[in-house]
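[1] Just need the structure, nothing else, for what follows:
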Amino acid sequence: MEYEERFEQAVRVTGVGLFVNLGLTIFKLFAGILGNSAAMVADAVHSLSDFLTDIVVIFGFKIARKPVDESHNYGHGKIETLSASLVGLILLVVAGQILLYGLRKTLLFVEGGTLEQPALIALYAALLSVISKEFMYHYTILQARKINSMALTANAWHHRSDAFSSLCTLAGIGAAIFLGGKWVVLDPLMAIFLSFIILKVALKIFRNSLNELIEASLDEKTEGEIRQIIRKTEGVKALSNLKTRRIGNNIAVDIRIKVDNALDIGEANRISIHVEHNLKKAFGQYTYVLVKAEPYEREPAGNPEEDQIPEHTVNSKKHEICLRKQPD
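    Numbers count the residues shown, from 1 in each chain. Sure, this is the predicted structure:
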């Protein structure tokens, strides 16, 4: 999928979520205040964070779509990652606010204060939120997988966290309405419970995006796939010094390969190009690949920096310009 098409699709999906979140925020806040529900007010704040998050993500996509320029040789993909980290940060703040709100209401009840029983409008708002946010999760995560977007994936889980929180709100409000009496305290207790759900999601999103921003290596499974692809490339005798990182939705690979020291520079370069081609075929045409070919010299057994692989047949007639150091 081309960059322009990918970003347009991401912005379109996020735009749908933006309008859904705006509508839910207004309705749930109205229902929470009118229906005397602490959990629903907390849920409305969560939807407001979703709305603000959508604005952040759209802004991030608008910048990330900019092409490579003189001052950004690897493009602007990190802006997408930064957007995801901001989503996680917003969720952390929201979780803390909801936790404090629920604790204040609960402590008021414990100290003998009176909590008003929620009204049915709060229950209806919670039910509508569960249905709409679960739908938005499935819609967004499907598109995120299609375009391989971390920011869109983060936003999808934000939708699901809102669906879970609304489900908790629904249970708390329902119990408070239909059971009454001391069960009214379930309303703020559910607000506390959903704050921990939001916190868990926020930490996961923030950790993943932060790792990418500080140039963390790819996971072991992906690096294993990269090594396997290089090993299968004809002419590669060994590989070492694998370095990987993620740039937005793309990956970057820096690798040293060992080739027969009898090959000329042209043949060594051809093998390097094949390695690059095979990696881009597997991980996408926008994968950044840097391959350095070096003469193969058998290392002592147990060298931890080098992966030995079966030797391939090479053309021994090409010796005009050798990779090995020539005598003076």
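[2] Show me the shaky parts of the stretch 51-200 of the chain.
    For the stretch 51-200 of the chain, applying pLDDT under 70 flags the ranges 60-80, 151.
[3] other SSEs contacting the helix or strand harbouring Ala126?
    Per DSSP states H and E, Ala126 falls inside helix 120-147. The helices and strands touching helix 120-147, judged by 3 or more CB pairs under 8 Å, 6 or more residues apart in numbering; DSSP states H and E, are helix 3-34, helix 38-64, helix 150-179. Every residue, glycine included, has its C-beta placed from N, CA and C.
[4] so which of these gets nearest Thr106?
    Closest of the helices and strands packed on helix 120-147 to Thr106 is helix 38-64, at 8.9 Å (criterion: CB to CB).
[5] Now do the buried residues in the following helix or strand past that closest one.
    Sequence-wise, the next helix or strand downstream of helix 38-64 (DSSP H and E) is helix 78-110. For helix 78-110, burial by neighbour count (16 or more other CB atoms under 10 Å) applies to 78-92, 94-95, 97-99, 101-102, 105-106, 109.
[6] Next, the angle from helix 78-110 to helix 150-179.
    Between helix 78-110 and helix 150-179, the angle comes out at 20 degrees (axes from the mean of the first three to the mean of the last three CA atoms, to 10 degrees).
[7] Can you name every helix or strand that helix 78-110 contacts?
    Taking 3+ CB pairs under 8 Å, 6+ apart as contact, the helices and strands that helix 78-110 lies on are helix 38-64, helix 150-179, helix 186-213.
[8] Could you tell me how many residues sit around Leu29?
    By other CB atoms under 10 Å, 18 other residues sit near Leu29.
[9] Among the helices and strands packed on helix 78-110, which comes closest to Asn241?
    Closest approach to Asn241 among these is made by helix 186-213 (20.8 Å; CB to CB).
[10] Now do Arg160 against Leu92, distance only.
    Shown here: Arg160 relative to Leu92, a distance of 17 Å by CB to CB, to the nearest Å.
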